[in-house]
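Student: Have a look at this fold, sequence not included:
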């Protein structure tokens, strides 16, 4: 229902942590700007384990931000690299969009 | 030898956490701006226990920032509330001053 | 057009202007007769602390500014119990009119909103 | 006047300009013939990651900018092993010329500095 | 679909303004409508026409300006946030007796009601901070 | 003792500029020397004379200006950081063909060498971010 935009590094800011505290089952997460460093953070990795939830949260990463930072080789399924156009579409497909910074 | 200025809330930023990772035995910590919220954070409280270290780290809080935020009643020994003039003196008395933000 | 708007207030006051900026948005929206609910989330709960006094740091006292909210018919002020506990706070430490909720109650609130904005 | 200066580089590149601003300070100080040591601390270690390419986000590639450091005789680039471990990184993931140190080695470095500045 | 954007950070200091610009271009390229771009807090600095970046750097003011002119965009700057931060158009500079101004059309100074309006009139409001 | 200050955040958005101002006043009151105040990153916005805050708000530009004039302070703004963010004096506005300028003495635009010099000449450099 809600698309959460993570705009800060989880190693420096609590943006991801605060987002996860209120995450609802149908929500999705999009990593952008320094938020893409989340792919190396245990908080995000924990919610990716199949046991973590019945319906897994969809997690996207903005590919331009991933590539700029040299994280291409680190990203892995089920985190989906998406383009800016797909980011726009994801915003359109979710009822609410919340930025975390 | 070093005075560490904590300028961010430890509930939002890793400024305090990063500072503590490199803290040396003779160092002091000064809480200022949103850093004064550290007095309610376990990371700071942990280093205040007598068992935590042989020579306890001196911890100061800028009283104007404490009072502005309504934290007067929360502050407790051994955290010492100090004035701006005493802040200046502490900077003078430490060889290095590092800001964490 | 009256909509149900949830405002997430996530910043501590004074250190950054965002707490004040969020409040200005809220007061404007209330003046235009919107149905506002506020969740003070994370460090946003510090905005609600009693005994604030911004004078010593050249600032307006934020908690005093929040006291006008009932005059704008904004009476839905929430905090999550986890956020209070993390900060070793209780309801007594906060200005009056705030309600503590759990995560599932937050989800019920979210589901009824037309729009959400975060500061 | 030549001094031993330790620069703490603590910010990830691209999201904020501070990584770039810190580097500009370093290059200026080196041009004035100061003895510079750099510790990439916390999210600062991301500055050292290989394979960066800022083009897609209108930015200069930060790791490429760091490659000029040896030309300025800056060869003391350090990271703390804990910071790498926290980010699941190894020395192979970083550009060449970086040395991993432990906390006590950092303390030895600190003790020899005339001045410390952090970005 | 109708989008509005809220920009909160100053250009050249954080990536947010550039992300918002790229998002705006992508909205247009993909056939969506941009109802308004609202600049608030440090985001108001996007409107300064005195920005003088190096040759090889993006000029955010010029980018917004040309995007607005090519696609008839509504760029609104929060007037209270702008005034205190020194972002003024001619009208405000005259009103407050300032010797110069540093913003002009297509950027328009207006109140927070324009942010609320954008939220009410658009399907989505996306924040870049 | 000789102090210098480094200010990195924009006024009205973060508390850093006000903290630096209060620290500077306290230095002077307590008989210390302020060698230089250096404005970098978003801190360069402290130098904008177009700041027009509300009546009951502090005007940071005016505060720095009057402190500098009363105590002969050296206020230096990083020129590269200032230009891209739209903080220009008359000389730079002319050089880059900009229609207006928004800073003037006692603020001086200069290079990062002035930050290094402050660090070398002072006993302490204190950063406000």
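Tutor: Structure's in. What do you need? What you see is a predicted model, and the numbers here were worked out from it, not measured in a lab.
Student: What residues does residue A:34 make contact with?
Tutor: Residue A:34 sits next to A:7, A:8, A:9, A:12, D:12, D:14, D:15, D:16, D:43, E:15 when contact means CB atoms under 8 Å, 6 or more residues apart in numbering or on different chains. No exception for glycine: its C-beta is placed from N, CA and C like everyone else's.
Student: Residue C:115 pairs with what?
Tutor: For residue C:115, the beta-bridge partners under DSSP bridges are residue C:5.
Student: Isn't it up against residue C:3?
Tutor: Yes. Residue C:115 sits in contact with residue C:3 when judged by CB atoms under 8 Å, with a separation of 5.7 Å.
Student: More neighbours: which of these two?
Tutor: Taking neighbours as other CB atoms under 10 Å in any protein chain shown, residue C:115 and residue C:3 compare with residue C:115 leading, 20 against 15.
Student: Could you tell me which residues touch both of residue C:115 and residue C:3?
Tutor: E:119, E:120.
Student: related to what we said a few turns ago, who wins on neighbours among the contacts of residue A:34?
Tutor: With neighbours taken as other CB under 10 Å, the top of the contacts of residue A:34 is residue D:15, carrying 30 neighbours.
Student: Also within reach of chain B: list those from the contacts of residue A:34.
Tutor: Residues of the contacts of residue A:34 in contact with chain B (CB under 8 Å from any CB of the partner chain): residue A:12.
Student: export the contacts of residue A:34 to JSON lines and tack on secondary structure and pLDDT?
Tutor: JSON lines is the format used below for those (DSSP: H, G, I helix; E, B strand; the rest coil; pLDDT from 0 to 100):
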{"residue": "A:7", "secondary structure": "coil", "pLDDT": "98"}
{"residue": "A:8", "secondary structure": "coil", "pLDDT": "98"}
{"residue": "A:9", "secondary structure": "coil", "pLDDT": "98"}
{"residue": "A:12", "secondary structure": "coil", "pLDDT": "96"}
{"residue": "D:12", "secondary structure": "coil", "pLDDT": "98"}
{"residue": "D:14", "secondary structure": "coil", "pLDDT": "98"}
{"residue": "D:15", "secondary structure": "coil", "pLDDT": "98"}
{"residue": "D:16", "secondary structure": "strand", "pLDDT": "97"}
{"residue": "D:43", "secondary structure": "helix", "pLDDT": "98"}
{"residue": "E:15", "secondary structure": "coil", "pLDDT": "98"}
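Student: and which of the contacts of residue A:34 is nearest residue B:33?
Tutor: For the contacts of residue A:34, the residue nearest residue B:33 by CB to CB is residue A:12; the value is 16.7 Å.
Student: In stretch C:12-32, which residues have enough neighbours to count as buried?
Tutor: Neighbour counts using 16 or more other CB atoms under 10 Å in any protein chain shown place C:12-30 of stretch C:12-32 among the buried residues.
Student: need the contact list for residue C:83.
Tutor: A:21, C:40, C:41, C:42, C:44, C:45.
Student: among those, which are in reach of chain B?
Tutor: For chain B, the contacts drawn from the contacts of residue C:83 by CB under 8 Å from any CB are residue C:42.
Student: Select from the contacts of residue C:83 every entry located in strands.
Tutor: Per DSSP state E, strands hold the following members of these: residue C:40.
Student: Now tabulate the contacts of residue C:83 in CSV and tack on neighbour count.
Tutor: Conversion of the contacts of residue C:83 to CSV gives the following (neighbours: other CB atoms under 10 Å in any protein chain shown):
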residue, neighbour count
A:21, 16
C:40, 26
C:41, 21
C:42, 29
C:44, 27
C:45, 24
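Student: Return the member of the contacts of residue C:83 nearest to chain B.
Tutor: Nearest to chain B among those: residue C:42, at 6.5 Å, using CB to the nearest CB.
Student: Would you mark the buried spots in the helix or strand of chain A with the lowest mean pLDDT?
Tutor: Least confident helix or strand, chain A: helix A:42-48 with a mean of 90, by mean pLDDT, DSSP states H and E. By neighbour count on 16+ other CB under 10 Å, the buried set for helix A:42-48 is A:44, A:48.
Student: quick one: contacts for residue E:127?
Tutor: A:5, A:97, A:98, A:99, A:101, C:117, C:118, E:5, E:6, E:8.
Student: which SS class is the fourth one?
Tutor: In this case it means residue A:99. Three-state assignment for residue A:99 (DSSP: H, G, I helix; E, B strand; the rest coil): strand.
Student: I'd say it and residue C:118 touch.
Tutor: Yes. With contact defined as CB under 8 Å, residue A:99 reaches residue C:118; the gap is 6.2 Å.
Student: so what's residue E:63 up against?
Tutor: residue E:21.
Student: Shouldn't it be within a helix?
Tutor: Yes. Under three-state DSSP, residue E:63 sits within a helix.
Student: Distance check, it against residue F:126.
Tutor: Here residue E:63 is placed at a distance of 36 Å from residue F:126 (CB to CB, to the nearest Å).
Student: can you count the residues close to the residue nearest to residue C:54 when sequence neighbours are not counted?
Tutor: Spatial nearest neighbour of residue C:54, chain neighbours left out: residue C:61 (4.4 Å); criterion: CB to CB, 6 or more residues apart in numbering or on different chains. A count of neighbours around residue C:61, defined by other CB under 10 Å, yields 17.
Student: residues in chain A within reach of chain D, list them.
Tutor: A:7-9, A:11-12, A:33-34, A:37, A:40-41, A:63-65, A:67-73.
Student: now, which of these lie within helices?
Tutor: Of these, the ones assigned to helices by DSSP state H are A:63, A:64, A:65, A:67, A:68.
Student: Need the single longest helix in chain E, by residues.
Tutor: Scanning chain E for the helix with the most residues, using DSSP H, yields helix E:16-29.
Student: Run the contact check for that helix versus chain A.
Tutor: Yes. For helix E:16-29 and chain A, the contact criterion (CB under 8 Å from any CB) is met by E:16, E:19, E:22, E:23, E:25, E:26, E:27, E:29.
Student: So what touches that helix?
Tutor: By CB under 8 Å, 6+ apart, helix E:16-29 touches A:7, A:32-33, A:64, A:84-85, A:87-88, D:57-59, E:3, E:5, E:7-11, E:33-34, E:37, E:43, E:46, E:58, E:60, E:63-64, E:67, E:71, E:73, E:126, E:128-129.
Student: ranges for the strands of chain E?
Tutor: E:2-7, E:33-39, E:75-78, E:107-110, E:124-128.
Student: wait, does the first one contact chain D?
Tutor: No. When contact is scored as CB under 8 Å from any CB, no part of strand E:2-7 falls within range of chain D; the minimum is 15.2 Å.
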